[in-house]
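Enquirer: okay, sequence plus prediction incoming.
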Protein chains: 2
Amino acid sequence: MSLPHAILTALLEKPSSGLELTRRFDRSIGFFWAATHQQIYRELGKLEQAELIRAIPGPPAQGRRKEYEVLPKGREELAAWVSRSDPPRQLRDPLALRLRAAAVVGLGDVGAEVRRHLEVHAAQLDDYRAMETRQFPPDRHESAEARLQHLVLEAGIEMERFWTDWLRRVDAAVTELAGPSGSDPQSGPDAKSSLDPKSSLDAQSSPDPGRGSDAEAGR
Amino acid sequence: MSLPHAILTALLEKPSSGLELTRRFDRSIGFFWAATHQQIYRELGKLEQAELIRAIPGPPAQGRRKEYEVLPKGREELAAWVSRSDPPRQLRDPLALRLRAAAVVGLGDVGAEVRRHLEVHAAQLDDYRAMETRQFPPDRHESAEARLQHLVLEAGIEMERFWTDWLRRVDAAVTELAGPSGSDPQSGPDAKSSLDPKSSLDAQSSPDPGRGSDAEAGR
DNA sequence: GACACCATGTAATCGGTTACATGATTCG
DNA sequence: CGAATCATGTAACCGATTACATGGTGTC
């Protein structure tokens, strides 16, 4: 249930049409909750029906774009949502899966994929940093609003820094592994040397099923 | 299309029944791609139909659990997938949205939610660290397989470290903001002092629409 | 034989993604 | 006037989540 609230926030910051919203999502809010124009239009419709927002009756822009603004009820809903609670979303990262798969069936071409991701994340990091210097000049003390927005941007920056650092290390590792030993870019799918099923990452807990061991994951 | 390949990886590491797989997902692979038992059974069915895996004909466990193992075709599919490419998944984080919303409608109770997340991430971090010391003892040089698995675990550790660090800073900030000034736990939804729409995070690009400015996001 | 729980599933729903449709405006 | 682009949508699909169903096992 995050998308409608993202839209409410965006509309409170500045009343907009559907397309404007889409653009603004691409540029800032969407960094933490992406949305396509189809989703946005659909959600705008629902929000309007629920009377949380309304189309500004503006006379001239007829047959053209519709501007929406947030109604008091919408602001209340958003304020209530701010105090609500969601369990933290769990991470989903296919690249990590690829690496684990690569540990079993051979490296194949993961290196290329790793470098692709590295480029994307590095570019995003630059982007965020540019935003930061533009919008949050140093040593001038910030308003409450700016402070919060800055913290969110910092999350983006540190996240991307984490990714780029990690991906560089992964790149180094796969290059080294692919290079000297097998050099298997299209590894034949047969038995590998160092394959010891006992050392597999989660095999060690299975000997004693039913104990408290499994519950650790949920603690 | 990640779930089936996660399952193939898990089954190659060790043939298992549906329930065992579910447990192992909770404990290790699922850290990067969570799945419930319903998803897993459904996917096992599909994989079996596609003849990428098969139920081990094992005679004794009749009427009880079914153990699956990967067929050569499944291994090939996984090896091919390793070399495939997905664009990096985009981040989705409701908490970041909440903070941006809080910047507009008041802090409400975000503090509590921030601390809840902090606890969860701190616990996860401890878990990962424990896994690391257990499974990857230092200074013994690792096999290729272990090296890759270790890198994946490191990603988890650094990710959680990032979250805990950031959440602690956020907690400090919202405590400070909520404390001295308004102390508004249930902020009345009316005009705030430092609310300048011009300084809003993405409003600065709208004066000149259609320029190259929007394209920056995609570079 | 009642009860807890182990193990495997089915069905309904929901949010996100992709592909396609339609009218209106701008530009050559 | 025709083509490109802007702006707003509709429809189909797909993976993930939630709730419910069923039968078998082990235990008192």
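Expert: The structure has been received and is ready for your questions.

Enquirer: same question for stretch A:14-33: list its buried residues.
Expert: In terms of neighbour count (16 or more other C-beta atoms under 10 Å in any protein chain shown), stretch A:14-33 has its buried residues at A:14-18, A:20-33. (C-beta placed from N, C-alpha, C; glycine too.)

Enquirer: residue contacts, the residue most central in space within chain A?
Expert: In chain A, the centroid-proximal residue (C-alpha atoms, centre = their mean) is A:Phe32; its distance is 5.4 Å. Neighbour list for A:Phe32: A:152, A:155-156, B:91-93, B:96-97, B:100 [criterion: C-beta atoms under 8 Å, 6 or more residues apart in numbering or on different chains].

Enquirer: now a ChimeraX select for only the buried ones of those residues.
Expert: In ChimeraX, a selection of the buried entries from the contacts of A:Phe32 looks like this (16+ other C-beta under 10 Å):
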select /A:152,155,156 /B:91,93,96,97,100
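
Enquirer: rewinding a little: spatially, what comes nearest to the residue nearest to the centre of chain A if we skip its sequence neighbours?
Expert: B:Ala96 (4.0 Å; C-beta to C-beta, 6 or more residues apart in numbering or on different chains).

Enquirer: surely that neighbour forms part of a helix?
Expert: Yes: judged by DSSP: H, G, I helix; E, B strand; the rest coil, B:Ala96 forms part of a helix.

Enquirer: quick check: the gap between it and A:Arg129.
Expert: 17 Å (C-beta to C-beta, to the nearest Å).

Enquirer: also A:Lys73?
Expert: Distance, A:Lys73 to A:Arg129, using C-beta to C-beta: 39 Å.

Enquirer: before we move on, what about A:Ala123?
Expert: 11 Å.

Enquirer: now swap in A:His117 and tell me
Expert: Using C-beta to C-beta, A:His117 is found at 18 Å from A:Arg129.

Enquirer: just A:Val82 next, same as before
Expert: On the measure of C-beta to C-beta, A:Val82 and A:Arg129 end up 28 Å apart.

Enquirer: higher neighbour count, A:His117 and A:Arg129?
Expert: Set A:His117 next to A:Arg129 and count neighbours by other C-beta atoms under 10 Å in any protein chain shown: A:His117 wins out with 23 against 15.

Enquirer: next, give phi and psi for the residue nearest to that one when sequence neighbours are not counted.
Expert: Closest residue in space to A:His117, ignoring its immediate chain neighbours: B:Pro88 at 5.2 Å, by C-beta to C-beta, 6+ apart. Phi and psi for B:Pro88, reported as degrees, to the nearest 10, are phi -60, psi 140.

Enquirer: just the buried residues of the longest helix along chain A, please?
Expert: Determined from DSSP state H, the single longest helix within chain A is helix A:144-177. Neighbour counts over helix A:144-177 (16+ other C-beta under 10 Å) mark A:144-164, A:166-167, A:170-171, A:173-174, A:177 as buried.

Enquirer: got the domain ranges for chain A?
Expert: A:3-82, A:94-189 (automatic domain parsing).

Enquirer: first-to-last residue distance for the first one?
Expert: The reference is to domain A:3-82. 13 Å (C-alpha to C-alpha, to the nearest Å).

Enquirer: can you tell me the helix or strand for the closest residue to A:Pro87 other than its chain neighbours?
Expert: Nearest in space to A:Pro87, with sequence neighbours left out and distances taken as C-beta to C-beta, 6+ apart, is B:Val120 at 7.5 Å. Secondary structure from DSSP states H and E places B:Val120 in helix B:110-135.

Enquirer: counting contacts, what elements does that helix pack onto?
Expert: The helices and strands touching helix B:110-135, judged by 3 or more C-beta pairs under 8 Å, 6 or more residues apart in numbering or on different chains; DSSP states H and E, are helix B:94-105, helix B:144-178.

Enquirer: re the thing from before, filter the buried residues of stretch A:14-33 down to the ones in strands?
Expert: Using DSSP state E, no member of the buried residues of stretch A:14-33 falls within strands.

Enquirer: from those, list the ones also adjacent to DNA strand D.
Expert: A:17-18, A:20 (C-beta under 7 Å from any atom of the strand).

Enquirer: okay, those residues in a markdown table with distance to B:Arg54 and pLDDT next?
Expert: Below are these laid out as a markdown table (distance: C-beta to C-beta, whole Å; pLDDT from 0 to 100):
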| residue | distance to B:Arg54 | pLDDT |
| --- | --- | --- |
| A:Ser17 | 55 | 92 |
| A:Gly18 | 50 | 93 |
| A:Glu20 | 54 | 93 |
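
Enquirer: in a markdown table, list these along with distance to A:Ala6.
Expert: Shown next, in a markdown table, are these (distance: C-beta to C-beta, whole Å):
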| residue | distance to A:Ala6 |
| --- | --- |
| A:Ser17 | 16 |
| A:Gly18 | 14 |
| A:Glu20 | 14 |
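
Enquirer: A:Gln39 - how many residues pack around it?
Expert: 14.

Enquirer: does the one helix or strand it maps to come close to DNA strand C?
Expert: Following DSSP H and E, one finds A:Gln39 within helix A:37-49. Yes: Helix A:37-49 is in contact with DNA strand C by C-beta under 7 Å from any atom of the strand, via A:38-39.

Enquirer: could you report the neighbour count for A:Ala130?
Expert: The local packing of A:Ala130 (other C-beta under 10 Å) involves 11 other residues.

Enquirer: ok, back up a step: state the distance from the residue nearest to A:His117 to A:Glu176.
Expert: 23 Å.

Enquirer: now A:Asp86
Expert: 41 Å.

Enquirer: and what of A:Gly106?
Expert: Distance of A:Gly106 to A:Glu176, given as C-beta to C-beta: 15 Å.

Enquirer: show me which residues of chain A sit near DNA strand D.
Expert: A:17-20, A:37-38, A:41-42, A:44-45, A:64-66, A:90.

Enquirer: how about 6 Å then?
Expert: Within chain A, the residues that sit near DNA strand D (C-beta under 6 Å from any atom of the strand) are A:17-19, A:37-38, A:41-42, A:65-66.

Enquirer: just those now: which is nearest A:Ile56?
Expert: Within the residues of chain A next to DNA strand D, the smallest distance to A:Ile56 is 7.8 Å, found for A:Lys66 (C-beta to C-beta).

Enquirer: quick one, phi/psi of that closest one?
Expert: phi -100, psi 130.

Enquirer: ditto for A:Ala35
Expert: Here is the backbone geometry of A:Ala35 (degrees, to the nearest 10): phi -150, psi 140.
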